[in-house]
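Trainee: Quick one, structure for this:
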Amino acid sequence: MSRLRQPPLVTGISPNEGIPWTKVTIRGENLGTGPTDLIGLTICGHNCLLTAEWMSASKIVCRVGQAKNDKGDIIVTTKSGGRGTSTVSFKLLKPEKIGILDQSAVWVDEMNYYDMRTDRNKGIPPLSLRPANPLGIEIEKSKFPQKDLETLFHGMSADFTSENFSAAWYLIENHSTTSFEQLKMAVTNLKRQANKKSEGSLAYVKGGLSTFFEAQDALSAIHQKLEADGTEKVEGSMTQKLENVLNRASNTADMLFQEVLGRKDKADSTRNALNVLQRFKFLFNLPLNIERNIQKGDYDVVINDYEKAKSLFGKTEVQVFKKYYAEVETRIEALRELLLDKLLETPSTLHDQKRYIRYLSDLHAPGDPAWQCIGAQHEWILQLMHTCKEGFVKDLKGNPGLHSPMLDPDTDVRPSVLGHLGQTSSLKRGSSFQSGRDDAWRYKTPHRVAFVEKLTKLVISQLPNFWKLWISYVNGSLFSETAEKSGQIERSKNVRQRQNDFKKMIQEVTHSLVKLIRGALLPLSIWDSSEMLQYGGWEVKSELSGQWFTHTIQTIRLTYESLTALEIPNDMLQTIQDLILDLRVRCVMVTLQHTAEEIKRLAEKEDWIVDNEGLTSLPCQFEQCIVHSLQSLRGVLECKPGEASVFQQPKTQEEVCQLSINIMQVFIYCLEQLSTKPDADTDTAHLSIDVSSPDLFGSIHEDFSLTSEQRILIVLSNCCYLERHTFLNIAEHFEKHNFQGIEKITQVSMASLKELDQRLFENYIELKADPIVGSLEPGIYAGYFDWKDCLPPTGVRNYLKEALVNIIAVHAEVFTISKELVPRVLSKVVEAVSEELSRLMQCVSTFSRNGALQARLEICALRDTVALYLTPESKSSFKQALEALPQLSSGADKKLLEELLNKFKSSMHLQLTCFQAASSTMMKT
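Mentor: Prediction:
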């Protein structure tokens, strides 16, 4: 706490003696901080505050009043220091008695002077010379409100010199806490004063009793003489003589006293003029004081002086007072205009606005300055918002490539999904694939995002003060106590209209905020061309990314929370909620669209590196890309208090569902493009195969290059994984983020994937089975072989061995890529071979015994070798082929057939090993 001020201390007074109304200069310490701080000044017990003029903290000038004590202290009382003390005293001199014919340089006390010529009292003393305590007891001022007393004693006054004096009012105001005993003493004092006046008059009569008797005798003699002479006015009569004597006496008296009385009248006029100037110097000096205080900014002093002058001279009929009071009103009117201009100035703090409004309210300014301030503040906020937008649009047109300062990438911007995936894949596989974390990490704030940030910051900084100004206006705290009471009735009449008008102001500010943001981020949501011209004008070709939409949504959400904290009704902020919902929907759409673009570029990231399961990194990259996109939307999809779900509209659900399906189909299209990519376009310089698996068939050379058939196999392997794992995982992620239509997304995506899988599979089977099938017929009839005329069989012929070797090659190729595909591929190849073999056997018209044995040997050898990959179709084909042959009639033929089969299996044991390995469950074709 700050240290309290020391009490006032009077150390000197000049002069230190004098008669009443002597002008003195008081010096000392801590005599107050200003005129308003001085609340008490007594000299010899008399209150001199009315004539006091505060000069500084060490100097006060005043006039000494009529006091009872001849000598006493000078006591100064201030608000800041309280009641003070004095080290000096003042001696009050009694004025010298002056004769009626003597000239004097001082004023004469005329309290008891009686004018014989006019028969009336001439000496009416000033207020300072009237008795301050007629009851003669201690005065104790009450705290009873003055206005309540005026209401209670309407038309009366507590001034005992007033014609409408009310004793009850005087007692309540000055002796409300006085005890009954003291009031009885006051009655005794009043009686004593009345007795003194009566005794004084009686003593005067007793002292001049002889003179009265002489006068009575003289008057009786005159009366008798007049009766004797008669009452007529006759020349030489006593009546005539008496009249002449009286006239001469009157003329002589006029001659003697004419100069003296003239001087006295002049002195009275001068004295009265000086008295008026002294008593009312406050009014005469007020215009100049108002001007000085206005220049110094002491508006409180001006208002206090004006209130004082208004109460004293507001209804005066004296012309000179009217003239000066009119000058005061002129200066006050200029002050009202000055304060109103300052009030309507922008920018301005809430504290200054409240201060100026209170000043204008205390000055009884016409109209409603507080409401004018609210209107001006509203217009200024709107102007600031549009100026902000125009400035950004102008900068954007002047510098199309201009961006705001870079944001911190670790906090505001995440790297691209593909760059992160590429880095993860490279680290995982140990390849030389370069990381995507380069300059893409350092994004620059787009111009429109910077505009939204500045616009919302502007609204958050201005709207709270605007709202608080309105609240202060409604509860009356903007006004002083007097102004609040006087204007309360008038404001109550307009309060409903004011509330409606202010609601429109708030709505206009929020609508402008929303439309300016829509013009920058969602221009298509503004249909009116005039509004587009007012709120739009952003010449941008590309749309914001989902990341920046998310950042903007967060900014607007914080703005909404800040405005809600002010207790602004939700209906006034509903447009902001609608904007947030539209931005969230647009963010989801844009993010999904950008995700589709990123997935489309995944084909460029395919490194064709196959793991043990026959998969490349592509399915993993695809899933991670979608997962990261959905994670980036987590805050957008999450509903804050008061927000609706992004998917509440059926149209939005349908669009999001279609975009999600499009993402899946884009990836399926990428797979198709990769599978059909020409050999020359395939970069296989870095191709490597995971040789850690012991099941690999043969060895792979370092400079091995991919064929189109191998790419098809890799894509088929990826398709299998997508169908069994990836698509299901993605559906779970969609469901986790509350996406709608997940079943439709999965069904459509699965159907497209299966269609691609079947198409690629048939293409691969065609590429591999057709050459094998095509080589059977030429191989069977090589060397003019004839089933009717052939030698006894000695073993399986070369064409079948060649076909088996080709099947083994297919097995090796598929096994190298994916073991899971082996049963599916070989089953189809075997079906094609068995079908062709059955057709060829059925085309033979006649078999010799040796020919039938040879054919049965080859058919059985092929069937037994690929027994693991037989399907019902291939079994039926082999059965038909065998049925087309003649049956073996002798046991020797059967034995020979068995021996030749065993010999074939023994001789090609190494080659046929691949057909004996454990295989996975055969897939349906």
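Trainee: which other residues reach stretch 665-673?
Mentor: Residues outside stretch 665-673 that contact it (C-beta atoms under 8 Å, 6 or more residues apart in numbering): 596, 599-600, 602-603, 618, 622, 715, 718-719, 748-749, 752-753, 756, 760. All C-beta atoms are positioned from the backbone trio N, CA, C, and that covers glycine.
Trainee: of these, buried ones?
Mentor: Burial of the contacts of stretch 665-673 was assessed by neighbour count (16 or more other C-beta atoms under 10 Å); the buried members are 596, 599, 602-603, 618, 622, 715, 718-719, 748-749, 752-753, 756, 760.
Trainee: still on that earlier bit, and which of the contacts of stretch 665-673 is nearest Leu853?
Mentor: When the contacts of stretch 665-673 are compared for distance to Leu853 (C-beta to C-beta), Leu760 comes out closest, at 41.8 Å.
Trainee: For the helix or strand Ser775 falls within, what does the pLDDT average out to?
Mentor: In the assignment (DSSP states H and E), Ser775 maps to helix 742-780. Averaging pLDDT along helix 742-780 yields 87.
Trainee: Give me the buried positions along that helix.
Mentor: Here helix 742-780 shows 742, 745-746, 748-750, 752-753, 756-757, 760-761, 763-765, 768-769, 772-773, 775-776, 779-780 as buried, counting by 16+ other C-beta under 10 Å.
Trainee: now the helix or strand that it is followed by against helix 742-780, angle please.
Mentor: The first helix or strand that comes after helix 742-780 along the chain, using DSSP H and E, is helix 798-817. Interaxial angle, helix 798-817 versus helix 742-780 (axes from the mean of the first three to the mean of the last three C-alpha atoms, to 10 degrees): 150 degrees.
Trainee: Could you list every helix and strand in contact with the next helix or strand after helix 798-817?
Mentor: Downstream of helix 798-817, the first helix or strand assigned by DSSP H and E is helix 822-843. The contact analysis (3 or more C-beta pairs under 8 Å, 6 or more residues apart in numbering; DSSP states H and E) places helix 822-843 against helix 742-780, helix 798-817, helix 849-865, helix 872-883.
Trainee: the helices in the stretch 301-450 of the chain, which residues?
Mentor: For the stretch 301-450 of the chain, helices defined by DSSP state H, counting those that start in this stretch occupy the ranges 319-344, 350-362, 369-398, 417-429, 447-475.
Trainee: Might one say that Gly314 is in contact with Lys322?
Mentor: No - counting by C-beta atoms under 8 Å, Gly314 does not reach Lys322; the two are 10.3 Å apart.
Trainee: Nearest the geometric middle of the chain, what residue?
Mentor: In the chain, the centroid-proximal residue (C-alpha atoms, centre = their mean) is Ile460; its distance is 2.7 Å.
Trainee: isn't that residue right up against Ile556?
Mentor: No - checked against C-beta under 8 Å, the pair Ile460 and Ile556 is beyond contact range at 10.8 Å.
Trainee: Show me the helices in the stretch 501-650 of the chain, by range?
Mentor: Here the stretch 501-650 of the chain has its helices, by DSSP H, counting those that start in this stretch, at 529-535, 546-565, 574-600, 602-605, 618-632, 634-637, 650-675.
Trainee: Tabulate these (TSV), appending mean pLDDT.
Mentor: Shown next, in TSV, are the helices of the stretch 501-650 of the chain (pLDDT from 0 to 100):
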stretch	mean pLDDT
helix 529-535	71
helix 546-565	87
helix 574-600	88
helix 602-605	82
helix 618-632	89
helix 634-637	86
helix 650-675	87
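Trainee: Find the one among the helices of the stretch 301-450 of the chain with the highest mean neighbour count.
Mentor: Of all the helices of the stretch 301-450 of the chain, helix 350-362 carries the top mean neighbour count, a mean of 21, counting by mean count of other C-beta atoms under 10 Å.
Trainee: chain center to that helix: distance?
Mentor: 25 Å (C-alpha atoms, centre = their mean, to the nearest Å).
Trainee: Give the rounded mean pLDDT of it.
Mentor: 82.
Trainee: Would you mind getting the angle between that helix and helix 369-398?
Mentor: Using the same axes, to 10 degrees: helix 350-362 against helix 369-398 is 140 degrees.
Trainee: and helix 350-362, what does it pack onto?
Mentor: Using 3+ C-beta pairs under 8 Å, 6+ apart: helix 350-362 touches helix 299-313, helix 319-344, helix 369-398, helix 447-475, helix 481-521.
Trainee: Switch those over to a markdown table; also include distance to Val844 and mean pLDDT.
Mentor: As requested, the helices and strands packed on helix 350-362 are arranged in a markdown table below (distance: least, C-beta to C-beta, whole Å; pLDDT from 0 to 100):
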| stretch | distance to Val844 | mean pLDDT |
| --- | --- | --- |
| helix 299-313 | 125 | 85 |
| helix 319-344 | 112 | 85 |
| helix 369-398 | 84 | 84 |
| helix 447-475 | 80 | 84 |
| helix 481-521 | 78 | 71 |
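Trainee: Would you reformat the ones you listed as JSON lines and include distance to Ile663?
Mentor: JSON lines is the format used below for the helices and strands packed on helix 350-362 (distance: least, C-beta to C-beta, whole Å):
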{"stretch": "helix 299-313", "distance to Ile663": "69"}
{"stretch": "helix 319-344", "distance to Ile663": "57"}
{"stretch": "helix 369-398", "distance to Ile663": "32"}
{"stretch": "helix 447-475", "distance to Ile663": "25"}
{"stretch": "helix 481-521", "distance to Ile663": "23"}
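Trainee: out of those, nearest to Leu910?
Mentor: When the helices and strands packed on helix 350-362 are ranked by proximity to Leu910 (C-beta to C-beta), helix 447-475 comes first, at 68.8 Å.
Trainee: How far away from the center of its chain is the closest one?
Mentor: 5 Å.
Trainee: same deal with stretch 739-749?
Mentor: 41 Å.
Trainee: Any chance you could list what contacts that stretch?
Mentor: Counting by C-beta under 8 Å, 6+ apart, 647, 653-654, 656-657, 660-661, 664-665, 668, 727-728, 731, 734-735 sit against stretch 739-749.
Trainee: same deal with stretch 642-658?
Mentor: By C-beta under 8 Å, 6+ apart, stretch 642-658 touches 570, 577, 580-581, 584-585, 588-589, 592, 636-637, 639, 738-741, 744-745.
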